[in-house]
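>>> Below are the sequence and a predicted model; questions follow.
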Amino acid sequence: MKVSDFDFDLPPELVAQTPAIPRDSARLLHVQKSGLLEDLLISDLTRTLTSKDLLIVNNTRVLPVYITGKLEPNSARIRITLHKNEAPGVWRAFARPAKKLKSNDKITFSENFSAHVEEKLDDGEVILKFNINGTDFFSALHKYGNMPLPPYIKRPNGNFQSDRQDYQTIFAAIDGAVASPTASLHFTPVLMNNLKKCGIKIVEITLHVGAGTYLPIKVKNAKDHKIHSEWGELSAVNANVINDVKANGGRIIAVGTTVLRLIETATNASGKVSAFSGETKIFITPGYKFKAIDVLLTNFHLPKTTLFMLVAAFCGLEKIKAAYDYAIKNRYRFFSYGDATLIELNNKS
């Protein structure tokens, strides 16, 4: 499977730099099973879903893991994005510029907050050992760190103050993500209240989104790509709710690819969903047979990424390319702060 098959051209002015206000006024492209496309708003979910349906959202909370430090002793500026906690005070991170770093180098972020390079890995990745851990580390991170906005959101002078709230979902409860589960960014308290009034059920899972999920694939063949693992959890209570909804003919709607990946990981070949706690590195490409999810609410994704491959698997490559072409022609806003799609499963994908 060639990675180039999952490419498309996007005018740069369609990359959203700030979110819609209010958040549920963002546009929603409904990609129906038949291939029919319908223009909606996020707020229209109340008339698109039914009281038999179940929405699953991700309650992970994004940490401010983008930090800038100085390399000792020459004070070169080093930009760090932490993406996986390996042990107390030890993190895997992406470093820019990584070529300036070598093992045992010290990076200073403030007078009492620093790290040593324990190991240099491939593609700008390093292992960092911080001088503090536990609550002291997280206090320092919240003081000196910024939200890890993707590079296509341009902030030449640093994050906007509003990004602290804008890049965090209303469901955020459990620290651990280093990127936002962006489909959930569209939800507001007003929308949630209206959904509940319509009898639509909502449950939460946790999947701590890793930065590797969004990285472009650098190999030519998708089967050669190695996806980063992410930690997730689904309770037994919520697994039973999902199974009950399916048994009663309701649809399971994943709010975001993070939810879809965790639920599919927790589902066996016969379609039964079980409690899950641990790492997942499921890599979904066309040909995958979905076992649990019926509808996917997700933002527009970057070309040649694992997430675009996932949506192509969910509804068919030609269908999703046609939907993206339509969205571009109709000036939808793309990526993390942009608009969204509501995709019905194509069982023949």
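Okay, I see it.
>>> tell me the domain ranges of this structure?
3-62+167-344, 66-145 (automatic domain parsing).
>>> Can you say which of these is packed in most?
domain 3-62+167-344 (a mean of 18; mean count of other C-beta atoms under 10 Å). Every C-beta, even on glycine, is put in place using the N, C-alpha and C of the backbone.
>>> Which among the domains of the chain is found nearest to Arg155?
domain 3-62+167-344 (8.7 Å; C-beta to C-beta).
>>> Now find how far off-centre the closest one is within its chain.
Distance, stretch centre to chain centre, for domain 3-62+167-344: 8 Å (C-alpha atoms, centre = their mean, to the nearest Å).
>>> how long is it from one end to the other?
Terminal residues of domain 3-62+167-344 lie 24 Å apart, using C-alpha to C-alpha, to the nearest Å.
>>> And the average pLDDT for it is what?
Per-residue pLDDT values over domain 3-62+167-344 give a mean of 95.
>>> related to what we said a few turns ago, would you reformat the domains of the chain as TSV and include distance to Pro151?
Supplementary listing: those in TSV, determined by distance: least, C-beta to C-beta, whole Å:
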stretch	distance to Pro151
domain 3-62+167-344	10
domain 66-145	10
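>>> right, and those - which one's nearest Gln161?
When these are ranked by proximity to Gln161, the top entry is domain 3-62+167-344, at 11.6 Å, counting by C-beta to C-beta.
>>> which residues sit against stretch 42-54?
Residues outside stretch 42-54 that contact it (C-beta atoms under 8 Å, 6 or more residues apart in numbering): 23-28, 30, 40, 55, 186-187, 191, 194-195, 197-203, 241-242, 245, 248-253, 295, 297, 340, 342.
>>> I misspoke; the intended subject was stretch 146-158.
15-17, 62, 64-67, 81, 159, 163-164, 167-168, 178-179, 211, 214, 302, 335-337.
>>> can you rerun that using 10 Å?
10, 12, 15-18, 62-68, 81-83, 94, 96, 159-160, 163-168, 177-180, 182, 209, 211, 214, 302, 334-337 (C-beta atoms under 10 Å, 6 or more residues apart in numbering).
>>> For it, buried residues please.
The neighbour-count check on stretch 146-158 (16 or more other C-beta atoms under 10 Å) flags 146-150, 152-153 as buried.
>>> Return the distance of that stretch from the chain's centre.
Offset of stretch 146-158 from its chain centre (C-alpha atoms, centre = their mean): 16 Å.
>>> ends of it, how far apart?
Termini of stretch 146-158 sit 8 Å apart (C-alpha to C-alpha).
>>> and if you look at stretch 58-67?
One end of stretch 58-67 to the other measures 25 Å (C-alpha to C-alpha).
>>> and it, how far from the chain's centre?
11 Å.
>>> just checking, Pro303 touches Val3?
Yes: counting by C-beta atoms under 10 Å, Val3 is a contact partner of Pro303 at 9.4 Å.
>>> Can you pull the residues that touch both of these two?
Listed contacts common to Pro303 and Val3 are 216-217; contacts here mean C-beta under 10 Å, 6+ apart.
>>> tell me which element Thr108 is part of?
strand 106-110 (DSSP states H and E).
>>> Can you give the strand pairings for that strand, parallel or anti for each?
The strands beside strand 106-110 in its sheet (DSSP bridges) come out as strand 66-71 (antiparallel), strand 113-120 (antiparallel).
>>> what ranges do the helices span in this structure?
For the chain, the helices defined by DSSP state H cover 45-48, 134-144, 163-166, 189-197, 236-247, 257-265, 306-315, 317-329.
>>> Quick one: closest of those to Tyr288.
helix 306-315 (4.8 Å).
>>> Lys102: what's it in contact with?
71, 117, 120, 126.
>>> hmm, which two among those residues are most spread apart?
Of all pairs in those, the most separated under C-beta to C-beta is Leu71 and Lys120 at 13.2 Å.
>>> Now the common contact residues for the two.
95, 101-102, 105.
>>> partners of the closest residue in space to Pro148 that isn't next to it in sequence in the sheet?
Leaving out its chain neighbours, the residue that sits closest to Pro148 by C-beta to C-beta, 6 or more residues apart in numbering is Tyr66, at 4.4 Å. Taking DSSP bridges as the rule, Tyr66 bridges to Thr81, Asn146.
>>> If I look at Tyr66, what pLDDT would I see?
Residue-level pLDDT assigned to Tyr66 equals 95.
>>> wait, it sits on Ile80?
Yes: at 7.3 Å, Tyr66 and Ile80 qualify as touching, with contact defined as C-beta under 10 Å.
>>> okay, and the common contacts of the two?
With C-beta under 10 Å, 6+ apart, Tyr66 and Ile80 have common neighbours 93-94, 145.
>>> got a list of what the closest residue to Glu38 other than its chain neighbours touches?
Leaving aside its chain neighbours, Glu38 sits nearest to His30 (4.0 Å; criterion: C-beta to C-beta, 6+ apart). Contacts of His30 were listed using C-beta under 10 Å, 6+ apart, and they are 36-40, 44, 48, 295, 297, 323, 340-344.
>>> Alright, I will stop here.
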